[in-house]
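A.B. asks: quick one, what's the 3D model for this:
(one chain, ligands or ions: 1)
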Amino acid sequence: MIPENIQRRIRLHVYGKSRIFFAIVQPGFENTALEEMTKIGFDRDGFKILEGGLEFKSNIKDVWKLHLLTRTVTRVLMRIEKFKAVFFNKYCEYISEIPWELHLVPGQSIGFKIKCRHSKLYHTDRLTEETVKGINLRLSRFYKDRDSGIRTDGSPGSSLFIRIDNDICSVSLDCTGDPLYRRNFRIYTEKAPLRETLASCMLLESEASSFDAVVDPMCGSGVIPVEAGMIACGVLPGMRRNFAFEEFPGFSMKAFVFMKKKLTEEYESSGKNISIFAGDIDNKAVETTQMNIDNAGFRDYIKTACTDFFATKKEDFSCGKILLISNPPYGERIKTGNTADFYRKLGMKFRKDFKGCSFAVIIPGMEAEKAFGLSHRKKIIFFNGGIPVSLVIGEI
Ligand SMILES: C[S@@+](CC[C@H](N)C(=O)[O-])C[C@H]1O[C@@H](n2cnc3c(N)ncnc32)[C@H](O)[C@@H]1O
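C.D. replies: Presented below is the predicted three-dimensional model:
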């Protein structure tokens, strides 16, 4: 039980005022996340864009909302403290001065993600030890009559992210838990699946909602079609999972369930009428996609077919405005012979049989991009599975 005076301070300092947060995003898609978060209701001018994420000011309830709604953000950290540290004893002292009683409760299981660069303190095991010591010292001042420490065994719901850069230590508390691309809508996997957050970035950047049909002709496990279905039907991406902030002191499950219900009503009614197609040459991939579609509740909505894309034409999909969106095979995990030759063939197929359609395709490097040969209106460079690639978007 949290003592009444601490509960009051939590209401005042954690729930009653704005704090600084950091939304981690796939590098390259910071602006995609900014646009999405602005639509969700965050102040566009309040963001600081950094590589791999966005810093923003918010109250924690809007961060709950963000977790339910974002399709592009991977994780959200709450900034806790920043200080200079060069000795372990001083480090522990600083940690013990942070008001942990506002953020953690005794018995809570906490993980540690520590990174050090150009700093005197770099031994991560020792830093974990000193952090636990400092936190427990602080908590013992408020929870005197029992074992007042945090737990570091078992699977942690939340983690402390500690970064020491040139002796400046930044401490952040993870609000998310499992990364947000784990939505629990797609549960079966084929080779080289895209992360859900990346698939959604592709769909948002290519304005998939403005098309009559969205077609992924090389769908693998079906990540893109399932994300497209969720966007089209206004399904909340955070609907089927838990978050680390649910373990924070002061969290109200009742208020959160109410928020989820309100948002579900609001977003589901804003769904768009789009046809979605998922195809693959590999029968097993189509079966996997079908199982994921069923699990997501889109059985009657997303159509699947086992087909060689090079044997299809646009009339097979829809008579309206079509977006071809795909992460074709490339790299070590999926070999198709010569990658440049495959992209040359793909570009030629687009030009021959898909005139008037739009495309959003991941291309691994300049040689493949030149071979693909179609001009684009947008290009975003990023890494996928450790391979430098670009998302190119354009019209045929
Ligand atoms: C990189 S995987 C796609 C992964 C997918 N985006 C996901 O997230 O799961 C490429 C897929 O292209 C399929 N493929 C290769 N050549 C094809 C073709 N000619 N027609 C249709 N599918 C093809 C492969 O079977 C493979 O499943």
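A.B. asks: hmm, who's touching stretch 137-149?
C.D. replies: Outside stretch 137-149, the residues within contact range by CB atoms under 8 Å, 6 or more residues apart in numbering are 3, 6, 92, 95-101, 104, 106-107, 132, 135-136, 150. In short, each C-beta sits where N, CA and C put it, glycine included.
A.B. asks: restrict the residues you listed to contacts with the ligand.
C.D. replies: The overlap between those and the neighbours of the ligand (CB under 6 Å from any ligand atom) is empty.
A.B. asks: and the helices in the chain?
C.D. replies: 4-10, 30-40, 60-69, 88-97, 124-140, 196-205, 223-233, 253-268, 283-296, 339-353, 366-372 (DSSP state H).
A.B. asks: how far away is the nearest residue to I380 once chain neighbours are set aside from F342?
C.D. replies: Take I380 and drop its neighbours on the chain: the residue closest to it by CB to CB, 6 or more residues apart in numbering is L391, 4.6 Å away. Between L391 and F342 the distance is 17 Å, computed by CB to CB, to the nearest Å.
A.B. asks: for F277, same thing?
C.D. replies: F277 sits 21 Å away from F342, going by CB to CB.
A.B. asks: what residues does the stretch 251-396 of the chain have near the ligand?
C.D. replies: The stretch 251-396 of the chain has residues 279-282, 285, 308-310, 327-329, 334, 336 near the ligand, with proximity defined as CB under 6 Å from any ligand atom.
A.B. asks: which of these fall in strands?
C.D. replies: Residues of these located in strands (DSSP state E): G279, D280.
A.B. asks: now the residues of the stretch 251-396 of the chain next to the ligand as JSON lines including pLDDT and neighbour count?
C.D. replies: Output for these, formatted as JSON lines (pLDDT from 0 to 100; neighbours: other CB atoms under 10 Å):
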{"residue": "G279", "pLDDT": "96", "neighbour count": "24"}
{"residue": "D280", "pLDDT": "96", "neighbour count": "25"}
{"residue": "I281", "pLDDT": "95", "neighbour count": "16"}
{"residue": "D282", "pLDDT": "95", "neighbour count": "16"}
{"residue": "A285", "pLDDT": "96", "neighbour count": "21"}
{"residue": "D308", "pLDDT": "96", "neighbour count": "11"}
{"residue": "F309", "pLDDT": "96", "neighbour count": "19"}
{"residue": "F310", "pLDDT": "96", "neighbour count": "13"}
{"residue": "N327", "pLDDT": "95", "neighbour count": "26"}
{"residue": "P328", "pLDDT": "94", "neighbour count": "20"}
{"residue": "P329", "pLDDT": "91", "neighbour count": "19"}
{"residue": "I334", "pLDDT": "59", "neighbour count": "15"}
{"residue": "T336", "pLDDT": "67", "neighbour count": "14"}
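A.B. asks: so S275 touches K321, yeah?
C.D. replies: No. S275 lies out of contact with K321 (CB atoms under 8 Å); the separation is 10.6 Å.
A.B. asks: these two - which one has more neighbours?
C.D. replies: S275 (17 against 13; other CB atoms under 10 Å).
A.B. asks: with that, I have no additional questions.
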